[in-house]
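*Asks:* what follows is a predicted structure for the sequence shown.
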Amino acid sequence: MTRIAVNMLWCRHGRVGGSEQYLVRQLLGLHQASNNEFDVDVFAPRGFASAHPQLASVVSIHESKTAQNLRPLRVLSESTWLASRARGAHLVHHGGGTVPARSPQPALLTIHDLQYLVYPQYFSRVKLAYLSLRLPASAKRARHIVVPSEYVRSTVIDRLGVQPADVSVVRHGIEAGLGSASTSEQQLRARFGLTAAHVLAYPAVTHPHKNHLFLCDLVAGPLRNRDVQVVCAGGQGRGHEALQRRIAESGLSDRVKLVGRLNDADRDGLLAMAAALVFPSSYEGFGAPVIEAMALGAPVIASNLTALPEVVADAGQVLTLDAAAWAAAVDHAIANREHWRTRGAARAATFRAVDSGSDLAVAYRKTLGERA
């Protein structure tokens, strides 16, 4: 078998969100799709295996002695601990957007997005300097690059000067059992104080570019007389305090609920009960909750920015960030739920974990073939 070393030392479970989920799901899919062609060793922070028991059952996980919470220590570990243990692998796959200085070759690099080029104001000076230096250099050192969408592929080619043949899309995949252990609507309503006839869900960390404030304006404005509540589920980001202030100032504490990061069962239950997923984000390299919502039967309303039109396609409503238009879209989603459920289910069926794994296997073979 071809030995693949996968660098996931950048993962901080519960804090990096979609990028961790993206890699875990595609590695699970790779196990399904590749017929034991690849022998995968994952190198990850302490506690990673217990956080992902299903993955631990199909690949070898090697944990570092620490949780890798400090970037300088993680970078050092990548160039020392990982480099020594990955030596001898046929291919080293770096899943966090950068290739360490002492990485064994050939290297495959996953770039999740180039948000730092679009919204530099949302990054600390230290992180922005780090990404501006390391990401372009990493793109040059990688033998091949994989990305989650055609949108990211085009930006990598245009902004980093990478040849088109050197960048492949590995689609996000969702596992077949998604929703099989969902928390019931009754439990969620009781726990979060949801009394409205219609619940709108937005699972996203509260960073400014996620545009939670737009949803506040939507509820306080065009939807003020509708029987709806918005549930914002996700970790606290750089825009959290501003969001809390807006909710308080607008008197929306009963209508916009901040419930924090949810476990998988609660997330799936929320999406299954939702009248719609509302996703007004300004920047997404993919937007996994869109596909998860479709798979779980929630109509999707999303912004028309970055990768979202590509991901949603004709299976949801894609709109400019105009509050009146979004209010009309909510009414349409409620009145035509079965129409959007049918379209969403068909769209979600093209984003299975096994499909993601198949895409990754193609990228592995392409990288190894280029080596020869």
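*Replies:* In hand now; what should we look at? Computed from a predicted model, the values in this text were never measured in an experiment.
*Asks:* from the rest of the structure, what touches stretch 147-159?
*Replies:* Residues outside stretch 147-159 that contact it (C-beta atoms under 8 Å, 6 or more residues apart in numbering): 22, 110-114, 117, 139, 145, 162-164, 167-172, 285-286, 306-307, 310-311. In this view, the C-beta of every residue, glycine as well, is placed from N, C-alpha and C.
*Asks:* filter those to the buried ones?
*Replies:* The neighbour count (16 or more other C-beta atoms under 10 Å) marks 22, 110-114, 139, 145, 162, 167-172, 285-286, 306-307, 311 as buried among those.
*Asks:* so which of these sit within strands?
*Replies:* Judged by DSSP state E, strands contain the following of the buried ones among the contacts of stretch 147-159: 110, 145, 167-169.
*Asks:* export those as a markdown table, with columns for distance to Thr155.
*Replies:* Output for these, formatted as a markdown table (distance: C-beta to C-beta, whole Å):
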| residue | distance to Thr155 |
| --- | --- |
| Thr110 | 14 |
| Ile145 | 12 |
| Val167 | 10 |
| Ser168 | 15 |
| Val169 | 12 |
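*Asks:* okay if I get those as a markdown table plus pLDDT and distance to Ala89?
*Replies:* Formatted as a markdown table, those follow (pLDDT from 0 to 100; distance: C-beta to C-beta, whole Å):
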| residue | pLDDT | distance to Ala89 |
| --- | --- | --- |
| Thr110 | 97 | 16 |
| Ile145 | 98 | 18 |
| Val167 | 98 | 22 |
| Ser168 | 97 | 20 |
| Val169 | 98 | 24 |
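*Asks:* closest one to Val256 out of the residues you listed, please.
*Replies:* Val256 lies nearest to Thr110 out of those, by C-beta to C-beta, at 34.1 Å.
*Asks:* and the gap between that closest one and Gln317?
*Replies:* The gap separating Thr110 from Gln317 is 30 Å, by C-beta to C-beta, to the nearest Å.
*Asks:* also Arg341?
*Replies:* Going from Arg341 to Gln317 by C-beta to C-beta gives 13 Å.
*Asks:* shared neighbours of these two, anything?
*Replies:* Common neighbours of Arg341 and Gln317 (C-beta under 8 Å, 6+ apart) are Pro299.
*Asks:* neighbour count for those two, which is higher?
*Replies:* Ranked by neighbour count (other C-beta atoms under 10 Å), Arg341 and Gln317 place Gln317 first, with 22 against 16.
*Asks:* now do the longest helix seen in the chain: distance to the chain's middle.
*Replies:* When every helix of the chain is counted residue by residue (DSSP state H), the longest turns out to be helix 353-371. Computed by C-alpha atoms, centre = their mean, to the nearest Å, the chain-centroid distance of helix 353-371 equals 20 Å.
*Asks:* also stretch 123-135?
*Replies:* Distance of stretch 123-135 from the chain centroid (C-alpha atoms, centre = their mean) equals 20 Å.
*Asks:* list the buried residues for that stretch?
*Replies:* So stretch 123-135, judged by 16+ other C-beta under 10 Å, has buried residues 123, 130-131, 134-135.
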